[in-house]
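Student: One predicted model, sequence on top.
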Amino acid sequence: MQNGVLRRIQDNVAKVMIGKEEVTKLLLASLAAGGHVLLEDVPGTGKTVLAKTLAKSMGCQFDRVQFTPDLLPTDVTGLSFFNQEKGSFTFKEGPVFTNILLADEINRATPRTQSSLLECMAERQVTVDGVTRSLAAPFFVIATQNPIETIGCFPLPEAQLDRFMMKLYMRNLDAAQERQMLDRFIQAEPLAQIEAVTNAQEIATLQEDCSNIYVHNDLRDYMVNLVQATRKNDTGVSPRGTLALLRAAQGYAMVEGRDYVVPEDIKTVAIPVLAHRLVTDQDNDKTKSTRIQTLLNSVALPTEDWSRR
């Protein structure tokens, strides 16, 4: 079990972020499961700060791309250029050649540039000019986006959305949390004081261990039944979504310090994993989340000793 690593990261993030404990746990679950995360909310809610704090805590190679309407795909993946000194083409690596990539305000770029991340996220590799290059392990994309109602935003393609294991929302702070934020930031910048508490090798080992988290057969059936239920009235969740639900539940169990999944793990990750994969007549996030919550309340859940092999 690698929960000690996850606990150190979680405690480190809490030194900067206030009231984001559940979002942090879900981020770490996705990291452990080898997935990628999309953070959405209005500007100023801490999306970028959370991503930077997590990156600094992990001590891995980090890069950031600020997505804008004039950003080109080669600005993300890299490009080949003719080197006159060598008399041949040389490949210049793009920012995706890193461990942690912050794709900031991803929905401000055009769909063509957004899609340049597809191969990177799905296959951990980049193909430019017919040459395929592998990305380093671990490779974790944290993308932030503003609500689509915000001026100057392009909706992410469905294929791109499906590559994100989870879609998370930051939410505003309550009055007590906001006052605590003022007290914490009044004289210092906590992010500048954050130091790494782990490294790339530990994260890679953690991700390998995650697939060994035990999932009872009845819980596997429950996940299949849940996903099947999304397909009855809508264009439901794809098989990729079913696998993402399994991996996310394993990751959340690891965050909670267990080597086996319990029903609460599945229920906790179900909306972040499944809701953004639905295609409904009323295509808004609240409707999708309500749909998944209704299914969680209606799909029968067996009772068992979930740790028993």
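Tutor: Happy to help now that I have it.

Student: Counting neighbours, which bits of stretch 259-279 end up buried?
Tutor: 260-263, 265-278 (16 or more other CB atoms under 10 Å). Heads up, the C-betas are built off the backbone N, CA and C, glycines and all.

Student: residues in contact with Val237?
Tutor: Val227, Thr230, Arg231, Leu274, Arg277, Leu278 (CB atoms under 8 Å, 6 or more residues apart in numbering).

Student: Please read the previous query as pertaining to Leu206.
Tutor: Contacts of Leu206 (CB under 8 Å, 6+ apart): Gln2, Val5, Leu6, Leu31, Ala32, Met254.

Student: tally of neighbours for Glu105?
Tutor: Neighbourhood size, Glu105 [other CB atoms under 10 Å]: 20.

Student: Could you list which of the buried residues of stretch 259-279 belong to helices?
Tutor: In helices, defined here by DSSP state H, the members of those are Pro263, Asp265, Ile266, Lys267, Thr268, Val269, Ala270, Ile271, Pro272, Val273, Leu274.

Student: In these, find the pair that's most separated.
Tutor: Using CB to CB, those span at most 16.1 Å, a distance reached by Pro263 and Pro272.

Student: Now do the SS call for the closest residue to Ile266 other than its chain neighbours.
Tutor: Of all residues not flanking Ile266 in the chain, Ala249 sits nearest, at 4.8 Å (CB to CB, 6 or more residues apart in numbering). Per DSSP: H, G, I helix; E, B strand; the rest coil, the local secondary structure of Ala249 is helix.

Student: do Pro43 as well
Tutor: Once three-state DSSP is applied, Pro43 turns out coil.

Student: I'd like to know how far it sits from Val299.
Tutor: Going from Pro43 to Val299 by CB to CB, to the nearest Å gives 37 Å.

Student: Quick check: buried residues in the worst-scoring helix or strand of the chain on mean pLDDT?
Tutor: Within the chain, no helix or strand scores below helix 158-161, which has a mean of 81 by mean pLDDT, DSSP states H and E. Applying a neighbour-count criterion of 16+ other CB under 10 Å, one finds Gln160 buried in helix 158-161.

Student: Numbering from 27 from now on, please.
Tutor: Happy to do that; since the first residue is 27 now, the last one works out to helix 184-187.

Student: Paired strands for whatever helix or strand comes next after that helix, with orientation please.
Tutor: Once helix 184-187 ends, the next helix or strand along the chain (criterion: DSSP states H and E) is strand 192-195. Here strand 192-195 has these sheet partners by DSSP bridges: strand 63-66 (parallel).
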